[in-house]
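K.L.:
Give me the fold of what follows.
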Amino acid sequence: MSFVTSTDGANIFYKDWGNPGDQPIVFHHGWPLSSDDWDSQLLYFLSKGYRVIAHDRRGHGRSSQVGDGHDMNHYAADVAAVVKHLDLRDAVHIGHSTGGGEAARYVARHADGRVAKLVLIGAVPPLMVKTQNNPGGLPMEVFDGFREQLLANRAQFYWDVASGPFYGFNRQDVTPLRPVIENWWRQGMMGGAKAHYDGIKAFSETDFSDDLKTIDVPTLVMHGDDDQIVPIGASALLSAKLLNKGTLKIYEKFSHGMCTTNADVINADLLAFIQDESIGT
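P.N.:
Down below sits the predicted model:
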């Protein structure tokens, strides 16, 4: 397995598949998952002639279960360590959910001319929690509930998320896919409880507004209008307005987990964006 050591000593696992001379695409996974959540995208873009890279966030997957540094600044710095180690240039960064926040912070603060494009999918920016300046956000009680459920029974909590709102399996006429649920649960349980607990604060309370305003590369914002995890009104609709070169694509009735359940549609639109082709409205 391949690892890079971050500036504070965390060992970050990463996958690096493809020809080193091909354009790199870097994938940033969501909470509390791992780079395995990108299987459908990694294999698809590898087959299209791209170099694909995906890492496990610190405390997640196969990366070291360190006790601290579970915040967006460290997450972005860890990505920078992977990018520097592999000397990636002209890269497209694609982030889902929490990974969207991580990717936005990386591009805003560490890109250093190495980034060609950015994609935010069901992403947490600009700010998830409700505040006086963000009245459309989710109440703090929602995230306190996440913490309480994680502490009480992490395994059950993760099963409930995967079998319910994450993929929209709680919707009428939607058939739950047990292998998908079990794979989500497997990834979650690979990570450390401390990292996941602290990560709730990172993804819910970090304000990415200034990051979004700073980003100057073409950015595609993709979001399902039935996303029950990251509601579209307080995320994608606002992010698209803050970005200098943002394009918004809304998917009717798609869930938060649309990269898995609707991979054919998402992959095709990602490829079109990367290749400067129209993805429609």
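K.L.:
Next, the nearest residue to Phe3 once chain neighbours are set aside: phi, psi?
P.N.:
Among residues not flanking Phe3 along the chain, Asn11 sits closest, at 4.7 Å (Cβ to Cβ, 6 or more residues apart in numbering). Yep, even glycine has a C-beta here, placed from its N, CA and C like the rest. The phi and psi torsions at Asn11 (degrees, to the nearest 10) take the values phi -90, psi 120.
K.L.:
could you pull out the helices for the chain?
P.N.:
39-47, 72-86, 98-110, 140-163, 178-190, 193-205, 209-214, 236-242, 258-261, 263-274 (DSSP state H).
K.L.:
Give me the buried positions along the last one.
P.N.:
Translated: helix 263-274. Within helix 263-274, the residues scored as buried using 16 or more other Cβ atoms under 10 Å are 263, 266-267, 269-270, 273-274.
K.L.:
Same check on the shortest one?
P.N.:
Taking 16+ other Cβ under 10 Å as the basis for neighbour counts, the residues of helix 258-261 that come out buried are 258-261.
K.L.:
before we move on, what about the second one?
P.N.:
With burial defined by 16+ other Cβ under 10 Å, the residues of helix 72-86 counted as buried are 72, 74-83, 86.
K.L.:
and it, what other elements does it pack with?
P.N.:
strand 2-5, strand 11-17, strand 24-28, strand 51-55, helix 98-110 (3 or more Cβ pairs under 8 Å, 6 or more residues apart in numbering; DSSP states H and E).
K.L.:
Would you format the ones you listed as TSV with mean pLDDT included?
P.N.:
TSV is the format used below for the helices and strands packed on helix 72-86 (pLDDT from 0 to 100):
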stretch	mean pLDDT
strand 2-5	97
strand 11-17	98
strand 24-28	99
strand 51-55	98
helix 98-110	98
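K.L.:
Can you add distance to Val124 and give the helices of the chain back as TSV?
P.N.:
Output for those, formatted as TSV (distance: least, Cβ to Cβ, whole Å):
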stretch	distance to Val124
helix 39-47	19
helix 72-86	10
helix 98-110	5
helix 140-163	11
helix 178-190	17
helix 193-205	5
helix 209-214	11
helix 236-242	9
helix 258-261	15
helix 263-274	18
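K.L.:
Packed most tightly, which of those helices would that be?
P.N.:
helix 98-110 (a mean of 26; mean count of other Cβ atoms under 10 Å).
K.L.:
Show me what it packs onto, helices and strands only.
P.N.:
strand 24-28, helix 72-86, strand 91-96, strand 115-121, helix 193-205, helix 209-214.
K.L.:
Just the CA atoms from that helix would do, formatted as PDB, please.
P.N.:
The C-alpha coordinates for helix 98-110 follow below in PDB (Å, rounded to 0.1, in the frame of the first residue of the first chain):
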ATOM      1  CA  THR A  98     -17.200  16.600   3.300                       C
ATOM      2  CA  GLY A  99     -14.700  16.000   0.600                       C
ATOM      3  CA  GLY A 100     -16.100  18.900  -1.300                       C
ATOM      4  CA  GLY A 101     -15.200  21.200   1.600                       C
ATOM      5  CA  GLU A 102     -11.800  19.600   1.800                       C
ATOM      6  CA  ALA A 103     -11.300  20.100  -1.900                       C
ATOM      7  CA  ALA A 104     -12.500  23.700  -1.800                       C
ATOM      8  CA  ARG A 105     -10.100  24.600   1.000                       C
ATOM      9  CA  TYR A 106      -7.200  22.800  -0.800                       C
ATOM     10  CA  VAL A 107      -7.800  24.700  -4.000                       C
ATOM     11  CA  ALA A 108      -8.300  28.000  -2.300                       C
ATOM     12  CA  ARG A 109      -5.100  27.800  -0.100                       C
ATOM     13  CA  HIS A 110      -2.700  25.200  -1.600                       C
END
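K.L.:
who's in contact with that helix?
P.N.:
26-31, 57, 72-73, 75-77, 79-80, 83, 93-95, 115, 118-125, 199, 202-203, 206, 208, 210-212, 214-215, 217 (Cβ atoms under 8 Å, 6 or more residues apart in numbering).
K.L.:
With stretch 161-178 instead?
P.N.:
180-181, 184-185, 188, 226, 228-229, 253-257, 260-261.
K.L.:
Most widely separated two among the residues you listed?
P.N.:
Gly188 and Lys253 (25.1 Å; Cβ to Cβ).
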